[in-house]
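**Student:** coords please:
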Amino acid sequence: MAKAGNVKAKLSRIVVAASAVATLGFTAACGGGGGGGGDADTGAGADKRPSKSTSEPKSGPKSAPGGETATGAAEDAKGQPAQDPDEPLTKAQLEKAALATGDVKGFQVAEMPASDIVEDSVPADPAVCRPIADMFLFTTDPLSEAAVGRTFTPDDELDASATSLALLSYPSDDADQVLSGLRTATKKCTAYRHTDYRYTGVKALADPDLGDEAVAYRLLASIEGLKVPTTFTVVRSGTSVVSFTSMNMLDGDKVEVPTSIIEAQLEKLEKLEKFEKLGKTTAE
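**Tutor:** Numbering: from 1, shown residues only. As a prediction, the model looks like this:
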C-alpha cells in the first residue's frame, strides 16, 4: 500500500503542475498577457520494481551531439573505441543527449525531478493496460537501465500545454519489447484504473514515422477531480526509448506533443548515439 501511495502522490504532483500551466494560460487569455498562438501537449503510470538509474538531468547551453560544441565532442571521441551497438547508453550519456534551453525555439527546458520518473510500479486493472499505466510515470517492464527527463514551459503565455519527455536506455532487445508491449496494449485497452484514479478513452493513433519505430496514443486521466487530456508519442532509437507526453487542460482537442520538440530531441539523441556507439569523430 505504501508503494501505491507514493505513485498516487507523484501522479497528483504532475496534475497540479499541468493545472498551474492551464491557469496561467487562462489568465493570460483573459487579462491580456503575452505572445502569439500556441500548440498543445501530454503525460505517464506504474508493480514494485526498483529503478536501476533514475536521473536528475541538467539544463545547459545549446549543445551539439552530447551537450558539447561539435568540435569539443569530436575531440572527445578521438581515440575512443566504438561502443557495442547493443550496449545501453549510460545515465551520463542520456544527460548529454537530452534537450536543454536553447535547443528548441519557443520553450524553456528544465530538468525533471528524479522522483517523477517512478521507481515502483503498481498494477493496473485490467492487467492488459499495464504498459500504458507504466508509461504514464515513465517506468516500463522490462525496466530501463538508465533514465533522464525534461519538462518544457512554452514561451507563449497563451499556450496552456504541459509537455515532458523521458529518455530511457535498455540492454539488447528490451527496447523492442517496450514498444511491442505498448502497441499491443493500445489495441486492447480502452480504460483502466490505476491506484485510485481512472483513465478512459484510450485510443491508439497512427504509428508515427519516427526513429526505428514509434507508437502514439491518447487518453483522458481523471486525477484529483480533474479531467486531464493526455497524449503520448513513444519512439525507439536503437536500444533507447524516448517517451514524449503532453497535457492540455484548457483545450483537449489540441493536445499533442509539439513536433519541434520531438524532432530536436531525436536529432540530438541520434547524434550522441553515432559518437558514442559508432565512434564518430565529426559532427554536423
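**Student:** the closest residue to Lys268 other than its chain neighbours: how many residues sit nearby?
**Tutor:** Of all residues not flanking Lys268 in the chain, Ala97 sits nearest, at 5.6 Å (Cβ to Cβ, 6 or more residues apart in numbering). Heads up, the C-betas are built off the backbone N, CA and C, glycines and all. If you count neighbours by other Cβ atoms under 10 Å, Ala97 ends up with 29.
**Student:** start at 48, not 1
**Tutor:** In the new count, where the first residue is 48, that last one comes out as Ala144.
**Student:** hmm, Ala144 is touching Leu214, no?
**Tutor:** Yes: using Cβ atoms under 8 Å, Ala144 is in contact with Leu214, at 6.2 Å.
**Student:** what sits in contact with each of these two?
**Tutor:** Common contact partners of Ala144 and Leu214 (Cβ atoms under 8 Å, 6 or more residues apart in numbering): Leu316.
**Student:** and the residue nearest to Lys315, how far from Ala207?
**Tutor:** Taking Cβ to Cβ, to the nearest Å as the measure, Ala144 and Ala207 are separated by 28 Å.
**Student:** and if you look at Leu146?
**Tutor:** In terms of Cβ to Cβ, Leu146 sits 21 Å off from Ala207.
**Student:** these two: which is more packed in?
**Tutor:** Under the criterion of other Cβ under 10 Å, the comparison of Leu146 against Ala207 puts Ala207 first, with 27 against 23.
**Student:** quick check, that one in contact with Val302.
**Tutor:** No: the pair Ala207 / Val302 is not scored as a contact, 9.9 Å apart, by Cβ under 8 Å.
**Student:** flag the shaky bits of the stretch 148-297 of the chain, pLDDT-wise.
**Tutor:** For the stretch 148-297 of the chain, the stretches with pLDDT under 70 are 166-167.
**Student:** again, only this time at 90
**Tutor:** 160-170, 184, 203-208, 219, 242-243, 270-273, 295-297 (pLDDT under 90).
**Student:** quick one, helices of it?
**Tutor:** For the stretch 148-297 of the chain, applying DSSP state H, counting those that start in this stretch gives helices covering 177-182, 221-235.
**Student:** pull the CA atoms of the longest one into PDB?
**Tutor:** Yep, that's helix 221-235 we're talking about. The C-alpha trace of helix 221-235 is given here as PDB (Å, rounded to 0.1, in the frame of the first residue of the first chain):
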ATOM      1  CA  ASP A 221      14.400  -4.900 -24.200                       C
ATOM      2  CA  ALA A 222      13.600  -1.600 -26.000                       C
ATOM      3  CA  ASP A 223      11.800  -3.500 -28.700                       C
ATOM      4  CA  GLN A 224       9.700  -5.300 -26.000                       C
ATOM      5  CA  VAL A 225       8.700  -1.900 -24.600                       C
ATOM      6  CA  LEU A 226       7.300  -0.700 -27.900                       C
ATOM      7  CA  SER A 227       5.700  -4.000 -28.700                       C
ATOM      8  CA  GLY A 228       4.000  -4.100 -25.300                       C
ATOM      9  CA  LEU A 229       2.700  -0.600 -25.700                       C
ATOM     10  CA  ARG A 230       1.400  -1.200 -29.200                       C
ATOM     11  CA  THR A 231      -0.500  -4.300 -28.000                       C
ATOM     12  CA  ALA A 232      -1.900  -2.500 -25.000                       C
ATOM     13  CA  THR A 233      -3.200   0.400 -27.100                       C
ATOM     14  CA  LYS A 234      -5.100  -2.100 -29.300                       C
ATOM     15  CA  LYS A 235      -6.700  -4.000 -26.400                       C
END
